[in-house]
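Peer 1: Coordinates for the following, if possible.
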Amino acid sequence: MERCNDEKKRMDNDVQFIYIGKEVTVDELLKIINEGNGEKEGVYIKTIRQSNLPRDKTWIQFFALSYKEFEKNYAKKLVIRASEIFNVSRGSVTWFIKKLAGSGADTFFYLTPSNVVTHDLGEYLGTYIYPALTSARHSEYFTFTKDDWEQLRHKDRECYMFVCHKPLHELPSKIKDYINWGKTECRVSEKRGGGVLCNEATACRLREKTRGFYGWHDLGEVVEAPIFAIYQARHKTRFVRSYFKVAMYHALISLIPKVVLSEEQIKAMLAYLNSSFTQYYIECTGRYIAKGPIALEVNIAREMPIIDVRKLLDEQVKVLARKFDELEAEARKIGGASEREKIEKLKPKIYEIDVEVGKILDVPEDVIRQVQESVELLIKRRVSGAKESAPETVKGEEPFKVRPKKSTRRKEKVEENFRALSEFY
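Peer 2: Purely as a prediction, here's the structure:
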């Protein structure tokens with residue numbers, strides 16, 4: 001392959017991305033390619049002008065149906081943006097929701113049962129000391145229940161949050177003593193906050209000056225969030241039904257309904273949110289993080305296409321709700337839904353949801369399969385990208401590495417030659 005020296009001509013080239021969903025002969029493939037864009041007989045083709053190829057995004061998205069095309073072709077009437085019926089934010093406490101920021105002093109705000117005893121705060125359980133979810137690792141399934149929280153309590157995990165939305169002069173003496181401890185003895189971690197006293201942490205100082213809060217110690221009030229998602233997931237972004245009102249920390253994405261939804265409608269929504277269609281959207285639009293995870297940022301979650309369960313037939317809602325129940329039951333049976341091996345075991349249930357969604361939105365089977373395979377490829381690329389590639393391999397936009405022949409001279413330092421992939425266009 002020879003690279004054209006004229007940059008303008010190179011940029012005017014048409015690049016074709018081809019997804020082959022069935023067995024075809026060379027002649028059949030050439031004919032389909034010559035006919036241009038679109039889906040023809042199980043082969044999906046997309047033509048992009050080279051100048052329009054992004055340099056900051058993976059090109060794998062061009063091998064599959066984009067969400068814009070998905071909405072245009074299959075979901076005009078039944079798919080809406082998440083922000084139309086949900087307030088999408090971080091956590092379920094006012095400060096997290098409004099500022100999309102952390103507490104600033106987790107060592108002060110997040111407590112174990114032992115901490116509660118140490119500071120003699122037991123009489124304030126449920127008021128100033130609120131049941132909490134302070135880590136994504138504390139939620140392993142597709143539902144979070146009171147029993148799940150009780151297990152955290154029995155294991156002495158950080159399952160309480162200090163929530164004190166009142167002025168100092170109205171507080172009991174023991175609560176005042178605890179706040180004073182945060183100002184005089186309790187320090188944030190060296191790694192994240194430099195080891196300063198809790199009230200001197202950046203977020204705490206900002207809260208001291210923010211209207212609507214009574215001081216650095218005030219995170220606001222707890223809001224019920226019936227659905228939350230894992231903010232940074234490695235193998236699957238899991239959407240969870242919460243059956244127990246807890247104070248959720250800032251690294252969970254909360255979906256708080258703006259409209260009234262029945263329990264079956266919420267489950268039907270969760271079935272769609274845990275489908276391959278939603279995961280594909282997240283893989284294409286989420287923020288890649290070093291070492292493999294993908295982040296579902298709030299702005300991406302607000303624009304996330306979701307099925308409008310209010311417009312579905314009662315029977316369609318029941319079917320999706322039942323499929324979500326089956327997915328959750330299987331996750332409980334195998335002991336979780338976060339590790340790669342367990343996600344693999346859950347794929348048959350997820351694919352069953354995909355099929356039911358496909359029936360509702362009239363998505364052809366080959367397109368469903370295409371989305372599923374694209375999700376697999378994107379996750380595999382993302383996770384494997386966290387590891388250093390072998391010198392001879394080419395993976396997407398990674399540099400093309402050519403290993404030189406070994407020198408016969410002893411102690412001679414041999415440097416690898418690096419050539420950018422763009423040199424071949």
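Peer 1: For the stretch 101-250 of the chain, just list every one of the helices.
Peer 2: Secondary structure of the stretch 101-250 of the chain (DSSP state H, counting those that start in this stretch): helices located at 106-109, 113-118, 146-154, 173-184, 190-193, 202-209.
Peer 1: List the contacts of the third one.
Peer 2: Yep, that's helix 146-154 we're talking about. Helix 146-154 is contacted from outside by Pro113, Pro131, Leu133, His138, Ser139, Glu140, Tyr141, Cys159, Tyr243, Phe244, Val246, using Cβ atoms under 8 Å, 6 or more residues apart in numbering. Bear in mind the C-beta positions are built from the backbone N, C-alpha and C, glycine included.
Peer 1: ok now do the first one, which residues does it touch?
Peer 2: Neighbouring residues of Pro113 by Cβ under 8 Å, 6+ apart: Arg153, Asp156, Cys159, Tyr160.
Peer 1: Show me the shaky parts of the stretch 101-250 of the chain.
Peer 2: Along the stretch 101-250 of the chain, segments meeting pLDDT under 70 span 192-193.
Peer 1: Generate a ChimeraX selection restricted to the buried subset of the contacts of Pro113.
Peer 2: A single ChimeraX command selects the buried members of the contacts of Pro113 (16 or more other Cβ atoms under 10 Å):
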select :159,160
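Peer 1: Ser384: which of the contacts of Pro113 is nearest?
Peer 2: Among the contacts of Pro113, Cys159 lies closest to Ser384 (Cβ to Cβ), at 35.0 Å.
Peer 1: That closest one and Thr112 touch, don't they?
Peer 2: Yes - with contacts counted by Cβ atoms under 8 Å, Cys159 reaches Thr112, the gap being 7.1 Å.
Peer 1: buried sites along the host helix or strand of Glu376?
Peer 2: Per DSSP states H and E, Glu376 falls inside helix 365-384. Neighbour counts over helix 365-384 (16+ other Cβ under 10 Å) mark 366-372, 374-375, 378-379, 381-383 as buried.
Peer 1: separation between the most centrally placed residue in the chain and Pro226?
Peer 2: For the chain, Leu296 is the residue whose C-alpha lies nearest the centre (Cα atoms, centre = their mean; 3.6 Å). Leu296 sits at a distance of 17 Å from Pro226 (criterion: Cβ to Cβ, to the nearest Å).
Peer 1: And Lys333, by the same measure?
Peer 2: In terms of Cβ to Cβ, Lys333 sits 24 Å off from Pro226.
Peer 1: rewinding a little: possible to save the helices of the stretch 101-250 of the chain as TSV with distance to Phe17?
Peer 2: Shown next, in TSV, are these (distance: least, Cβ to Cβ, whole Å):
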stretch	distance to Phe17
helix 106-109	45
helix 113-118	55
helix 146-154	44
helix 173-184	56
helix 190-193	42
helix 202-209	44
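Peer 1: Tell me which of those sits most buried.
Peer 2: Using mean count of other Cβ atoms under 10 Å, the stretch among these with the largest mean neighbour count is helix 106-109, at a mean of 22.
Peer 1: other SSEs contacting that helix?
Peer 2: strand 160-162 (3 or more Cβ pairs under 8 Å, 6 or more residues apart in numbering; DSSP states H and E).
Peer 1: do that again at 10 Å, thanks
Peer 2: strand 160-162, helix 173-184, helix 190-193 (3 or more Cβ pairs under 10 Å, 6 or more residues apart in numbering; DSSP states H and E).
Peer 1: wait, which of these is closest to Lys342?
Peer 2: Nearest to Lys342, of all these, is strand 160-162, at 28.2 Å by Cβ to Cβ.
Peer 1: Give me the residues contacting the closest one.
Peer 2: The contact list for strand 160-162, computed with Cβ atoms under 10 Å, 6 or more residues apart in numbering, reads 91-93, 103, 105-106, 108-113, 115-116, 119, 121, 124-126, 128-134, 152-153, 175, 178-179, 182, 217-219, 222, 246-249.
Peer 1: at 6 Å instead, please
Peer 2: Contact with strand 160-162 is made by Phe109, Leu111, Ile129, Tyr130, Ala132, Ala247, as judged by Cβ atoms under 6 Å, 6 or more residues apart in numbering.
Peer 1: If any of those residues are buried, put those into a ChimeraX selection.
Peer 2: Buried residues within the contacts of strand 160-162, by 16+ other Cβ under 10 Å, are selected in ChimeraX with:
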select :109,111,129,130,132,247
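Peer 1: re the thing from before, determine which two of the contacts of Pro113 are furthest apart.
Peer 2: Asp156 and Tyr160 (10.8 Å).
Peer 1: how about the contacts of Pro113 in a markdown table, adding distance to Arg340?
Peer 2: Formatted as a markdown table, the contacts of Pro113 follow (distance: Cβ to Cβ, whole Å):
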| residue | distance to Arg340 |
| --- | --- |
| Arg153 | 29 |
| Asp156 | 28 |
| Cys159 | 27 |
| Tyr160 | 31 |
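Peer 1: Pick the one among the contacts of Pro113 closest to Ile266.
Peer 2: Cys159 (24.2 Å).
Peer 1: Perfect, I'm done here.
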